[in-house]
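Participant: Here is a sequence together with a model predicted from it:
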Protein chains: 6
Amino acid sequence: MRIHVANPNGTEAMTATIATAARAAAAPGTEIVATTATGAPASIEGPLDGAHATPFLLDRIAGTQADAHVIACFDDTALDAARALVRAPVVGIGEAACLLATQLADSFCVVTSAAISVPVLEANLRRTGLIARCAGVRAAGVPVLEIGGHAAGAEDPVAEAVRRAARDHPGAALVLGCGGMAALAGDLSRELGRPVIDGVAAAVVLAEGLARLGHRTLRLA
Amino acid sequence: MRIHVANPNGTEAMTATIATAARAAAAPGTEIVATTATGAPASIEGPLDGAHATPFLLDRIAGTQADAHVIACFDDTALDAARALVRAPVVGIGEAACLLATQLADSFCVVTSAAISVPVLEANLRRTGLIARCAGVRAAGVPVLEIGGHAAGAEDPVAEAVRRAARDHPGAALVLGCGGMAALAGDLSRELGRPVIDGVAAAVVLAEGLARLGHRTLRLA
Amino acid sequence: MRIHVANPNGTEAMTATIATAARAAAAPGTEIVATTATGAPASIEGPLDGAHATPFLLDRIAGTQADAHVIACFDDTALDAARALVRAPVVGIGEAACLLATQLADSFCVVTSAAISVPVLEANLRRTGLIARCAGVRAAGVPVLEIGGHAAGAEDPVAEAVRRAARDHPGAALVLGCGGMAALAGDLSRELGRPVIDGVAAAVVLAEGLARLGHRTLRLA
Amino acid sequence: MRIHVANPNGTEAMTATIATAARAAAAPGTEIVATTATGAPASIEGPLDGAHATPFLLDRIAGTQADAHVIACFDDTALDAARALVRAPVVGIGEAACLLATQLADSFCVVTSAAISVPVLEANLRRTGLIARCAGVRAAGVPVLEIGGHAAGAEDPVAEAVRRAARDHPGAALVLGCGGMAALAGDLSRELGRPVIDGVAAAVVLAEGLARLGHRTLRLA
Amino acid sequence: MRIHVANPNGTEAMTATIATAARAAAAPGTEIVATTATGAPASIEGPLDGAHATPFLLDRIAGTQADAHVIACFDDTALDAARALVRAPVVGIGEAACLLATQLADSFCVVTSAAISVPVLEANLRRTGLIARCAGVRAAGVPVLEIGGHAAGAEDPVAEAVRRAARDHPGAALVLGCGGMAALAGDLSRELGRPVIDGVAAAVVLAEGLARLGHRTLRLA
Amino acid sequence: MRIHVANPNGTEAMTATIATAARAAAAPGTEIVATTATGAPASIEGPLDGAHATPFLLDRIAGTQADAHVIACFDDTALDAARALVRAPVVGIGEAACLLATQLADSFCVVTSAAISVPVLEANLRRTGLIARCAGVRAAGVPVLEIGGHAAGAEDPVAEAVRRAARDHPGAALVLGCGGMAALAGDLSRELGRPVIDGVAAAVVLAEGLARLGHRTLRLA
C-alpha cells in the first residue's frame, strides 16, 4: 500500500519530520511518499497561509499516485477540495487526531502552536461536529517553525502547555495540534499516563484503514 | 462608501448580473465595484472549484481598495482567508442571506443549484452555527451557468424548487442558494407572500452596515 | 427611510442616549424616531421587567409608522411578539450585536450589566442558535441605570469587565450587553485593537438593510 | 397542597376544561385553583396573543397564593417572567409535557393546533434544549377554540394528525400541543399503544413534585 | 401507589439512606419499596461497576411489582435496559435531578463524588440532551462510600465543592451527583439561598407523577 | 498483532460470519481472535438484550489477550464498560462505521435491522456527537437472525432499504447498521457508486491503528 503524506507548507525540513512520524506509524509493507508543497508558505499559520498553500498542495495530491492521502497540517488545509479532487480517501491530521481521541477518552483537549490557529481549529470542530467532545483548544504561544527550538535546558513551552491542559481537564485525552509536535507524543503520554495523540500517526493509520477496505470518497455532480 | 463585490468565478456575464443586484440593493452614495476572478473556473460548483478560484479571488480582494468586501458565491468561497487578508469587513453571500433570514422567520430553507453544492452549504451551516435555524438545503438540479436558461414557456426549475420548499416548510423563509438566482427573489416573494432572500443583496447591506460602523475584522497573530 | 428605535424602558434620558447612538450609526437620509415606553419600568433587568414593559413597547411599535423597528434593550424584549405585530422588519439590539460579531471574529463574548440578565441572554442565545459562537456571557455587576455613573477618577467597572473578557478570550469579538453602554464602544475598540460592538448601532444598520431590501416578516395564520 | 393552574387566555370555558384535566391528574389532597386571565385574548395563537395575555396572566400568578403555579398554554406564555415574579415553582404545560415524554420514549413528536404556533414551540424547544429529543412539531390546522368542535360523525382532525405523526415516527411519544386537547390523551394512547401526553396533567404532577420537595426558583439580583 | 427504589449497588446501608430520602420525598399514601442489588459492587464508580451491577439491578426491577421504578444511582445505571424490561415508568436519579433543575434555574451544575464518574455523567447529559443546560460537572474527590465520613470538625469536602460551584456559577441550580449526598440538600439550599437538588427525591416525585397519570414506557419490536 | 473480535451474542454462526468479515478487513500479519458470548441472547435487539449480553461479553474481553478489542454489535454493547475494563483500545462497530463514514461523505445514513434498534442507535449518536453528521437512522424491518434469509429470488429487504436511503439522501454515505449485514457492503457500494460501510471492517482497521500506535484507554480513578 502507498500512502501519500502531503506537507502543505514549503519547508522541506518539516516534510522530513512528518515523514519520519508517518513511517513510524505505518504498517509493515506500507510505503510512505512524502511531498512538500514547494511554493507554499513556509508554515501554515491561519487561514490565509492555508489559502496560499492550497494550489501547491492540490497539485501534489493530483500528481501523486496513492491508495490514500494525508494532509499533514492540523488545520486540515483544503481537505474538502482534496476530497473532491481524487477518489482515493483523504484524511486530515487534525480531524484524524480528534477522531482517535474519541476512542480513548470521553473528551479531548487540543494544544496548538500559536493563537492565530485557535479559531481555525474551532471552526473545523464545529464543521465536523467533533466540538461535542472537545474540552478546549489552547495555544502554546509558539510559532510552528519554532516548535522544539527552545533553548537547551529551558522547558519546552509546548510540553508545558500540554501539562497544564492535562491538569485542567482530568478526563481528557490530549491532542497535539500541529504536525511539528509529533516527537513529543510518546514521552508526554508516559509522563502523564494518558493518551497524547499526534495527528500524523493518527491520519496514517486511518488512511491505511480506509484504503485497505477499498473505500472511495463519495462524488457528487 | 465603496463596496467591493468579488465574483469568485471567471464569468464576466455573471459578474454583471451580480453587480446589477448589488447596485439595486446598495444605499444611495454607495459605490459598487464589481470584479471578476479572471482565471478562476467559469462557475463554482463544489469545493474543488472553490479552491481553484481562491488565489484569483484573493488577488481581487487584496487589490481592490474598499470599505468592505462581498464574496459573491453562495459557498462563501475562501471567506476565512479573505477575512485574514484585509482588515475591512468581508461578507459572504451565503452566510449573509441566512443571517437576514433569521430576522424574518423562525427557520429558513435553502434552494441551491446542483447537488454538488449541498454538502458545501451544510458544512458551512455547521461551521457558522446557522444550522440551528435551517429547515433544509435542497438542490434544484440546475448547474449554475444554466440558471434562468430554461426553454421559453417552460417552468423555471429553480422557481419550482422554491415553491416546493415553501409547501414543505410553511414557517420558513426561503433563501436562494446561488448568486445567479437574484432576479427571482422579488417575484417569488410576492407570489408566495413570504421572504425570499437573495444573498447578493443581503451581503451588500450587511457589508455597508459593518463599514459604516467602522468595524474591522479581528486580527490574531 | 424611517427607523423606529423603541426604548422598552420608561427612562427618557436613556432614550436620548440610545437615539444619539442610533443617529450616529444611521445612513445619511435615514430618519431615526426614538420612543420611550412611558409606563414601563425605569430599566429592564430580568424577565419580569421585560414582561412589564411589553404592552407599552408594543404600543409604541404599533403606533409608530416606520420602515423597520429596533427594540433597544439587549434582552430583545418582546421581539417575537413585535415581529407578529407589524410586517416591517423588527430587530433586537442583542441579536443584532451578536450577528455582527460573527462577521468579525470566530467567537464573541458578551459583557452585560448585572447578573440577573445573564440567564436571559443565555436563553436568547440558545433560542437563536447564536450560542454556537458565544465564548461566554458575563456581568459587570452594575445596574443598568448606574452605567457610566462611577465616581470621577474611578475605573469604569464595565470597561474593566470588557478588558478582562478580552484577556480571557483572545479570539473573541466583544459585545456590549446593554443599550446604555454604547458610548464605550469606540474607545474600547481602539484600546483593545479588536471589535467592540454596540447593539444599538448594530441593530440600526441591520434594520436599514432589511428595510431597504423591502423585506417583511413572515406572517403565519 | 395548593396548585394554581393559570389559564393565560380569557375564555372561561377553556379554564373549566383545563381545571377538569388538572383535577384528574392531581394527587389526593391537592387543591387545584384555576384562574382565567380575564382581559387576555380568547385564545393564545402566536407570540402576539401571548404578549397581550402576559399582564393578565402575571396578575393572576401574583395574586394567587399557591405552592406551585402551572401556566396552562402550550406556548409556556411568560414562563420566565412568572419564575422571576414568585418564588414558588412555576411549570409550563409545553415544557412539562416534553419533559415527561423524554422519560417514556427516546424521542417525541408534538401535534399542535394551528401553523402559527409551530415556530413558537420550536423556539421554546431550542431555548430549553429539548429540541435534541424532538422528532418534529406539526400543526393539525385547527384553531384553538375549534378543537373538539368538528361535526358529529366527522373524524377529529387533531386525532388524525396524531395518528399520522405516530405512523411517521414509530419510536416517538406523542405530545398534545395545546391545553384544549387533554380529553384526547387517554383514548389515543390506548388506540396507538404508546404514550400520548397531555401537558396540563404533566405540569400538575411536576408542579406538585417541585412543591412537595420545597424547591423555590433561583432568584438573581 | 407503590414506588420501587432500586439501589444498584450491594451496600445495604446505602439502601437504607436512599429509602429514607425517598420516603421523605414521597406523597402521603405512596409506599416506597427499596431493594438492594445484592451481588453488585459495593458502590458504582465508573461504567464497569455499572455493568457489573446491571444483572442484579434488572433482577430487582423485574421481580418487584410497582407502579414505577427509580434507579438510585446518579449514573442512571442500565436505565434504557430497565425501560425495555417493564412497562411501568422507570426514572433515573441523575436524569430526574437535572430535569427538575431546569425548572428552577436557567442552568445547573453537578457535583459528583470522584473523577471516574465525571465522563459517565457527561456522556449521559449528551445522550439525553440535558448538556444544553449544564454549566459543568465536577468531582468532589470523595469515593461514594466515604461521603459524609469526613473527620468530626473537618469541613465536608462535598459541601465545599458545592459552595465553590455556587460561587463559579451564580445563575445555576446545584445538583448533588450521588445518591449518598441526599442529606446535604436541605442545609446547603438554605445556606446558599438557591436550589440544591437531590436526585432520589427528584426521581421519586417524577416517578409518582408518571405512575399517577398511567403512563407506560413505549415498547418497540 | 492480535485483534479480539467479540460477538456479544450467543450465536456461533454469527461469530463465524463476523470473523470472516474481520479477517477480510485485517492487515496481513494481524491475527483475528473471534469469540462468542455464549450464554448471551441469540441476537441483540434492543437495550435489554444488550444488558443481558454484557456480563458474557465482558468476560470474553477480560479473558482474551489482545492488542485491541472490537465489540461486534452495532449497538456498541457495553462499550464504556469494556473501555474501563482493559487498557487496550476497544472499538465498537457502530461508532467505527460512522466515524469512517465521516471521512468519505459530508453525512451518513444508517440502515439497521428492526425498529427496536433505532432509538438505541440514535441515543448512541447523541452520546458520541456523531448525530451532527447523521442524515437518519432507519430500520429495514428484518430481525437480526433473519438477515440474508429472504426467499431465493425475492429482493433482499435490507438491500432495498439501503437503496431507498440512497435515493432520499444523495450526499450521504450508507452505513450498514448490523454486524450481520457485512456481506452486502461490496455489492451495494458498486451498485450505488458510493460508500457503503460495514462496521466490522471499519472497527478492525480502527482497532489495528490504535493498537499499532500503542494507545491505551484513559483510566480515571
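Facilitator: Sure thing, it's come through.
Participant: Please make it C-alpha for all contacts and neighbour counts, starting now.
Facilitator: OK.
Participant: Could you report the distance from A:L206 to chain E?
Facilitator: To chain E, A:L206 is 25 Å away according to CA to the nearest CA, to the nearest Å.
Participant: Assign a three-state SS to that residue, would you?
Facilitator: Classification of A:L206 using DSSP: H, G, I helix; E, B strand; the rest coil returns helix.
Participant: burial count for it?
Facilitator: 31 (other CA atoms under 10 Å in any protein chain shown).
Participant: Quick check: buried residues in the helix ranked longest in chain A?
Facilitator: The helix that spans the most residues within chain A, counting by DSSP state H, is helix A:47-63. Buried positions in helix A:47-63, judged by neighbour count with 16 or more other CA atoms under 10 Å in any protein chain shown: A:47-58, A:60-61.
Participant: need those in TSV with pLDDT, can you?
Facilitator: Putting these into TSV (pLDDT from 0 to 100) gives the following:
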residue	pLDDT
A:P47	96
A:L48	96
A:D49	96
A:G50	97
A:A51	97
A:H52	96
A:A53	97
A:T54	97
A:P55	96
A:F56	97
A:L57	98
A:L58	98
A:R60	98
A:I61	98
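Participant: circling back: buried stuff in the helix or strand following the longest helix of chain A?
Facilitator: Once the chain leaves helix A:47-63, the next helix or strand it forms, by DSSP states H and E, is strand A:68-71. For strand A:68-71, a neighbour-count test (16+ other CA under 10 Å) marks A:68-71 as buried.
Participant: Chain neighbours aside, what residue packs nearest to the spatially most central residue of chain A?
Facilitator: Closest residue to the average C-alpha location of chain A: A:I93 at 2.8 Å, with CA atoms, centre = their mean. Excluding the flanking residues, the one nearest A:I93 by CA to CA, 6 or more residues apart in numbering or on different chains is A:G199, at 4.4 Å.
Participant: Do you know the pLDDT at that neighbour?
Facilitator: On the pLDDT scale, A:G199 is placed at 98.
Participant: Please report how far it lies from A:A42.
Facilitator: 19 Å (CA to CA, to the nearest Å).
Participant: what about the two, which has more around it?
Facilitator: The neighbour comparison of A:G199 against A:A42 (other CA under 10 Å) goes to A:G199, with 34 against 18.
Participant: can you list the residues of chain A near chain F?
Facilitator: Proximity of chain A to chain F (CA under 8 Å from any CA of the partner chain) is limited to residues A:25, A:27, A:89-91, A:99-100, A:103-105, A:128-130, A:132-133, A:171-173, A:193-195, A:201-202, A:205-206, A:209-210, A:212-213, A:215-220.
Participant: among the residues you listed, which are in helices?
Facilitator: Cross-referencing these against helices under DSSP H gives A:25, A:99-100, A:128, A:201-202, A:205-206, A:209-210, A:212.
Participant: ranking those by neighbours, who comes first?
Facilitator: A:L206 (31 neighbours).
Participant: I'd guessed that one sits against F:E208; true?
Facilitator: No: contact status for A:L206 versus F:E208: not in contact, 9.6 Å apart, counting by CA atoms under 8 Å.
Participant: Surely A:A96 touches A:G199?
Facilitator: Yes: with contacts counted by CA under 8 Å, A:A96 reaches A:G199, the gap being 6.1 Å.
Participant: which parts of chain A sit against chain B?
Facilitator: Going by CA under 8 Å from any CA, the residues of chain A near chain B are A:46-52, A:54-55, A:78, A:80-82, A:84-85, A:114-116, A:123-129, A:220-221.
Participant: repeat that with 6 Å
Facilitator: A:47-48, A:80-81, A:84, A:116, A:123, A:126-127, A:220-221 (CA under 6 Å from any CA of the partner chain).
Participant: Name the nearest of these relative to chain F.
Facilitator: A:L220 (7.0 Å; CA to the nearest CA).
Participant: residue contacts, the closest one?
Facilitator: By CA atoms under 6 Å, 6 or more residues apart in numbering or on different chains, the contact set of A:L220 is B:I116.
Participant: how about the strand or helix carrying A:S189: buried residues?
Facilitator: Here A:S189 sits within helix A:185-192, counting by DSSP H and E. Residues of helix A:185-192 classed as buried by neighbour count (16+ other CA under 10 Å): A:185-186, A:188-189.
Participant: Count the residues that sit near A:T35.
Facilitator: 23.
Participant: wait, I meant A:R163
Facilitator: For A:R163, the count of nearby residues is 17 (other CA under 10 Å).
Participant: same question, A:A24
Facilitator: When neighbours are counted by other CA under 10 Å, A:A24 registers 16.
Participant: now do A:D75
Facilitator: 29.
Participant: Does it fall in a helix, a strand, or a coil region?
Facilitator: For A:D75, the assignment made with three-state DSSP gives coil.
Participant: which phi and psi does it have?
Facilitator: In terms of degrees, to the nearest 10, the main-chain angles of A:D75 are phi -70, psi -10.
Participant: quick one: contacts for it?
Facilitator: Residues near A:D75 by CA under 6 Å, 6+ apart: none.
Participant: Might you report the residue contacts of the residue in chain A that chain D sits nearest to?
Facilitator: Of all residues in chain A, the one sitting closest to chain D is A:A132 (13.1 Å; CA to the nearest CA). Neighbouring residues of A:A132 by CA under 6 Å, 6+ apart: F:G129.
Participant: so A:S43 sits in a strand?
Facilitator: No: counting by three-state DSSP, A:S43 is not part of a strand but coil.
Participant: My guess is it contacts A:N9. True?
Facilitator: Yes: between A:S43 and A:N9 there is a contact at 5.2 Å, judged by CA atoms under 6 Å.
Participant: which one of those two has more residues nearby?
Facilitator: A:N9 (29 against 19).
Participant: How about the secondary structure of that one?
Facilitator: Counting by three-state DSSP, the backbone at A:N9 sits in coil.
Participant: In contact with it: list those residues for me.
Facilitator: A:N9 is in contact with A:37, A:40-43, counting by CA under 6 Å, 6+ apart.
Participant: list the contacts for the residue nearest to A:I93?
Facilitator: A:93-94, A:97.
Participant: from chain A, which residue is nearest to chain C?
Facilitator: For chain A, CA to the nearest CA, closest residue to chain C: A:P119, 5.8 Å.
Participant: what's the domain layout of chain A?
Facilitator: Recorded structural domains for chain A (assignment: automatic domain parsing) are A:2-93+A:201-212, A:95-197.
Participant: Ends of the shortest one, what's the gap?
Facilitator: The first residue of domain A:95-197 is 12 Å away from its last residue (CA to CA).
Participant: And the longest one, by the same measure?
Facilitator: For domain A:2-93+A:201-212, the separation between the terminal residues is 10 Å (CA to CA).
Participant: and that domain, how far out from the chain's middle?
Facilitator: 9 Å (CA atoms, centre = their mean, to the nearest Å).
Participant: now do stretch A:196-211
Facilitator: For stretch A:196-211, the distance to the chain centre is 9 Å (CA atoms, centre = their mean).
Participant: ditto for stretch A:107-121
Facilitator: 11 Å.
Participant: Outside of it itself, list whatever touches it.
Facilitator: Outside stretch A:107-121, the residues touching it (CA under 6 Å, 6+ apart) are A:46, A:133-144, A:172-178, B:220-221, C:106.
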